[in-house]
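> can you look at this prediction? I've put the sequence above it.
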Amino acid sequence: MAPPPRHPRFPLIDGIRAVAVLCVVLVHTALAGGAVSSSVPGRVLAHLNIGVTIFFLVSGFLLYRPFIAHKAGGAAAPRVADYLKRRVLRIYPAYWLILTVLVIVPGVTGVLDGEWWPMYALVHTLPVFDGQRCVDAPTTCGLAQTWSLVVELTFYVVLPFYAVAMERMTRRAGVRGWMLAELVVLSTLSVLSVVLEYVVAGGLPTWAGATVAAYVLWFALGMGMAIVSVGFGGAARPPWVLRVLAARPEVAWALAAAGYAALCVWLPATPLLLVRSQLATGHVAFAGIAVLLLAPAVFGDRRGGLPHRVLAQPAVAWLGLISYGLFLWHYVVALELGSSGAGASFPVVLGGTLAVTIPCAAASYYLVERPLLRLKYRRLRDVARRRGSPA
């Protein structure tokens, strides 16, 4: 999980990943266990799909920052080929593992018939592959939650092109001019994305909704945090907002909690019944809440404060470390437990899902993900040459 060489690591991000994946697990187990309702707990559980928003912001921040660190005297941007290799190693091996298990093991909610190639390529929710089937049939597609991975994949592809374009556009600008230009461009693209998805398309499933095009706001906010982090990283006196975050990071979480509570009261208990205005409002509100949750991990004082104490807990950080496996394995387990009949209440589904998924995620990380992630910053031909040389 280390960043590119000579780039800083943000250790509290692991804890943020844990928060995000637990939100995703809770909302899916609540749906499978019939806990989504108009009651206060039911409403709180119903909208925890905000976990996806948090993941998208984290991706925008962590992946874009290495491309721009040199703007303020940091390390050089990674080569595009190296960047893409790291993304492949991060995403595909663990995904291929669970997909193969679901194909082989009989009697479980697996993959859609006839879609093995698009699913292995992780493009199965794109319209060109009739991808809406997996989204529309969440109880028959055991990897229906991976629609967000397809969106992430499109972001991975687009990001280097955006970085090159902005590098050329701001080549002669100073740090402040570069920051302003980037933030203006990201703001414009975010507005266009929201208009495209919720005004033009009306929130209905479209090709845009299967790609980064519908989620520019969420990724762009993470990228904007990367820009601010780089631009003001060495400032003797950063803006007052960053000073408040450093001194009182718990304020950001308090605002996030208040915003989420207000959103749960206002939105219907069933997310599928949201109208266009509610979808758009929820999309923007999720973005703001996710920024407030992530901000202490990026700008907060790492020596104290409630966010630091929570995110730095070893158990929380470890769950963040194996969060990708949790994300991949939990959904099919929740579906199986939820459809098992008697006793499949929310506590049973949640407890059973965690009991099965955490060991699977840990095994995936230690046996598959971590060994391959060690190759992220090494040339594959050098590794092959070393292994082939005599002892």
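Received, thanks.
> hey, where'd the strands end up in the stretch 201-350 of the chain?
With DSSP state E, counting those that start in this stretch, there are no strands along the stretch 201-350 of the chain.
> low-confidence ranges in it?
For the stretch 201-350 of the chain, applying pLDDT under 70 flags the ranges 202-206, 234-236, 271-273, 301-303, 340-343.
> one more pass at 50, please.
Across the stretch 201-350 of the chain, the stretches falling below the confidence threshold (pLDDT under 50) are 342.
> again, but for the stretch 1-150 of the chain
For the stretch 1-150 of the chain (pLDDT under 50), the answer is none.
> now the strands: where do they sit in it?
Using DSSP E, counting those that start in this stretch, strands in the stretch 1-150 of the chain do not occur.
> give the contact list for V44.
260, 264 (CB atoms under 8 Å, 6 or more residues apart in numbering). Any C-beta I mention is one placed from the backbone N, CA and C, and that applies to glycine too.
> quick check: it vs F346, distance?
12 Å (CB to CB, to the nearest Å).
> and what of M223?
According to CB to CB, M223 stands 36 Å off from F346.
> for stretch 250-263, report the contacting residues that lie outside it.
The contact list for stretch 250-263 (CB under 8 Å, 6+ apart) reads 44, 47, 50, 244-245, 282, 285-286, 288-289, 292-293, 295-296, 300, 305-307.
> in helices, which of those residues appear?
Among those, the ones falling in helices (DSSP state H) are 44, 50, 244-245, 282, 285-286, 288-289, 292-293, 295-296, 306-307.
> M223 and F346: which is more packed in?
Neighbours were counted for M223 and for F346 using other CB atoms under 10 Å; M223 has more, 31 against 20.
> how near is that one to R65?
8 Å.
> same question for T53.
Distance of T53 to R65, given as CB to CB: 19 Å.
> so the two - more neighbours on which side?
T53 (28 against 24).
> give the contact list for that one.
The contact partners of T53, by CB under 8 Å, 6+ apart, come to 218, 286-287, 289-290.
> in the stretch 101-250 of the chain, which spans are helices?
Per DSSP state H, counting those that start in this stretch, the stretch 101-250 of the chain carries helices over the ranges 116-121, 132-136, 147-169, 175-195, 216-231, 240-247, 250-266.
> deepest in the core, which of those helices is it.
The highest mean neighbour count among the helices of the stretch 101-250 of the chain, using mean count of other CB atoms under 10 Å, belongs to helix 216-231: a mean of 25.
> let me know the angle separating that helix from helix 240-247.
Relative orientation of helix 216-231 versus helix 240-247 (axes from the mean of the first three to the mean of the last three CA atoms, to 10 degrees): 80 degrees.
> what's helix 216-231 packed up against?
With contacts taken as 3 or more CB pairs under 8 Å, 6 or more residues apart in numbering; DSSP states H and E, helix 216-231 sits against helix 50-68, helix 175-195, helix 276-299.
> how about these in a markdown table, adding distance to V333?
As requested, the helices and strands packed on helix 216-231 are exported to a markdown table (distance: least, CB to CB, whole Å):
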| stretch | distance to V333 |
| --- | --- |
| helix 50-68 | 17 |
| helix 175-195 | 33 |
| helix 276-299 | 26 |
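> to P371, which of these lies closest?
helix 50-68 (21.2 Å; CB to CB).
> how about the CA coordinates for the closest one, as CSV?
Provided in CSV are the C-alpha atoms of helix 50-68 (Å, rounded to 0.1, in the frame of the first residue of the first chain):
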residue,chain,number,x,y,z
ILE,A,50,-21.9,6.8,1.0
GLY,A,51,-19.0,4.4,1.5
VAL,A,52,-18.6,4.4,-2.3
THR,A,53,-18.3,8.2,-2.3
ILE,A,54,-15.5,7.9,0.3
PHE,A,55,-13.6,5.3,-1.8
PHE,A,56,-13.8,7.6,-4.9
LEU,A,57,-12.5,10.6,-3.0
VAL,A,58,-9.6,8.5,-1.6
SER,A,59,-8.8,7.3,-5.1
GLY,A,60,-8.9,10.9,-6.5
PHE,A,61,-6.5,12.1,-3.7
LEU,A,62,-4.0,9.3,-3.6
LEU,A,63,-3.7,8.7,-7.3
TYR,A,64,-3.5,12.4,-8.4
ARG,A,65,-1.2,13.7,-5.8
PRO,A,66,1.9,11.9,-7.2
PHE,A,67,1.2,13.4,-10.6
ILE,A,68,1.3,17.0,-9.2
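> nearest residue to the middle of the chain?
The geometric centre of the chain, computed from its C-alpha atoms, lies nearest to F55 (CA atoms, centre = their mean), at 1.9 Å.
> these two touch, right, it and A20?
Yes - with contact taken as CB atoms under 8 Å, F55 and A20 are classed as touching, separated by 4.9 Å.
> residues touching S39, list them.
Residues in contact with S39 (CB under 8 Å, 6+ apart) are A269.
> that one and A269: what is the separation?
8 Å.
> again, but for V251
29 Å.
> so who does V275 touch?
Neighbour list for V275: empty [criterion: CB under 8 Å, 6+ apart].
> gap between it and G282?
Per CB to CB, V275 is found 11 Å from G282.
> again with V348
From V348 across to G282, the span is 29 Å (CB to CB).
> try S193
S193 sits 15 Å away from G282, going by CB to CB.
> again with A257
Note on A257: its distance to G282, by CB to CB, is 17 Å.
> again, but for A213
Taking CB to CB as the measure, A213 falls 18 Å from G282.
> how about V150: what's its closest non-neighbour residue?
Using CB to CB, 6 or more residues apart in numbering and skipping the chain neighbours, the partner closest in space to V150 is T125 (4.6 Å).
> doesn't G209 make contact with the one you found?
No - if you go by CB under 8 Å, T125 and G209 don't touch, sitting 9.2 Å apart.
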